[in-house]
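In: build me a model:
(2 chains)
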Amino acid sequence: GAVVSQHPSRVICKSGTSVKIECRSLDFQATTMFWYRQFPKQSLMLMATSNEGSKATYEQGVEKDKFLINHASLTLSTLTVTSAHPEDSSFYICSASQGTRDYGYTFGSGTRLTVV
Amino acid sequence: GENVEQHPSTLSVQEGDSAVIKCTYSDSASNYFPWYKQELGKRPQLIIDIRSNVGEKKDQRIAVTLNKTAKHFSLHITETQPEDSAVYFCAATTTGTASKLTFGTGTRLQVTL
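Out: As a prediction, the model looks like this:
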């Protein structure tokens, strides 16, 4: 079945630094990648949607200059949290779609980001 | 945009009993409704889904029902087991290629012995 590999699984960084999270689709072409953030005991909140080769579309309230998304190829999308602060500590998870009508969404394994 | 409400937020049942989680959605154009199970620190796992052209779908102990008129759908788990304990999310999306999912707020299910 479809697999999305997400790295790193856990990262601790100092306040003010940047962190890059990668999601790779291993056996299919991810035409669309969704990036979610999940705070403890809360639901998955969509941050942005990216299509290969296009600029990402950000949800209301999500700072595009802080959360940089790159989807340069059909198998790789990255989320960079720039100038991270403790309030950015969260579980970040990607979800890839092949852009077909079967509504298949494949989730990455998530990244636990802790900013100290 | 779509808004999905989910109830209850927590649910405790005894092993062997049934559990029911309910969701309502706002966008009448939504036509795909998946249910996910998420264990702590893990990715959501699709457990069952339903499309708007059917009213019910069953997979062993899990079933989902959909009422398009009322815009609500429900997850039914029968003969619950301790390993069913997790957080369950409903979601909804509209037709079209790679439409974004809108998730419900989640239900924490605890199956006690």
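
In: start and end of stretch B:22-30, how far apart?
Out: Stretch B:22-30 has an end-to-end distance of 16 Å (C-alpha to C-alpha, to the nearest Å).

In: is that stretch in proximity to chain A?
Out: No - with C-beta under 8 Å from any C-beta of the partner chain as the criterion, chain A is not reached by stretch B:22-30; the gap is at least 11.2 Å. In short, each C-beta sits where N, CA and C put it, glycine included.

In: residues in contact with that stretch: which ones?
Out: Defining contact as C-beta atoms under 8 Å, 6 or more residues apart in numbering or on different chains, one finds that stretch B:22-30 is touched by B:1-7, B:33, B:52, B:68, B:70-75, B:90, B:92-95, B:102, B:104.

In: which parts of chain B are strands?
Out: Here chain B has its strands, by DSSP state E, at B:4-7, B:10-14, B:19-25, B:30-38, B:45-51, B:56-59, B:62-67, B:72-77, B:86-94, B:102-103, B:107-112.

In: the last one - contacts with which helices or strands?
Out: Using 3 or more C-beta pairs under 8 Å, 6 or more residues apart in numbering or on different chains; DSSP states H and E, the elements in contact with strand B:107-112 are strand B:10-14, strand B:19-25, strand B:86-94.

In: quick one on the thing from earlier: could you export the strands of chain B as JSON lines, including mean neighbour count?
Out: Formatted as JSON lines, the strands of chain B follow (neighbours: other C-beta atoms under 10 Å in any protein chain shown):
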{"stretch": "strand B:4-7", "mean neighbour count": "18"}
{"stretch": "strand B:10-14", "mean neighbour count": "13"}
{"stretch": "strand B:19-25", "mean neighbour count": "21"}
{"stretch": "strand B:30-38", "mean neighbour count": "22"}
{"stretch": "strand B:45-51", "mean neighbour count": "16"}
{"stretch": "strand B:56-59", "mean neighbour count": "12"}
{"stretch": "strand B:62-67", "mean neighbour count": "18"}
{"stretch": "strand B:72-77", "mean neighbour count": "21"}
{"stretch": "strand B:86-94", "mean neighbour count": "23"}
{"stretch": "strand B:102-103", "mean neighbour count": "22"}
{"stretch": "strand B:107-112", "mean neighbour count": "17"}
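
In: closest to A:Gly61 out of those strands?
Out: strand B:102-103 (15.1 Å; C-beta to C-beta).

In: any idea how far that closest one is from the middle of the chain?
Out: 11 Å (C-alpha atoms, centre = their mean, to the nearest Å).

In: sheet partners, orientation included, of it?
Out: For strand B:102-103, the paired strands and their directions (DSSP bridges) are strand B:86-94 (antiparallel).

In: list the contacts of the strand it pairs with.
Out: A:43-44, A:103, B:2, B:4, B:6, B:21, B:23, B:25, B:27, B:29-39, B:44, B:47, B:73, B:75, B:99-104, B:106-109.

In: much appreciated, bye for now.
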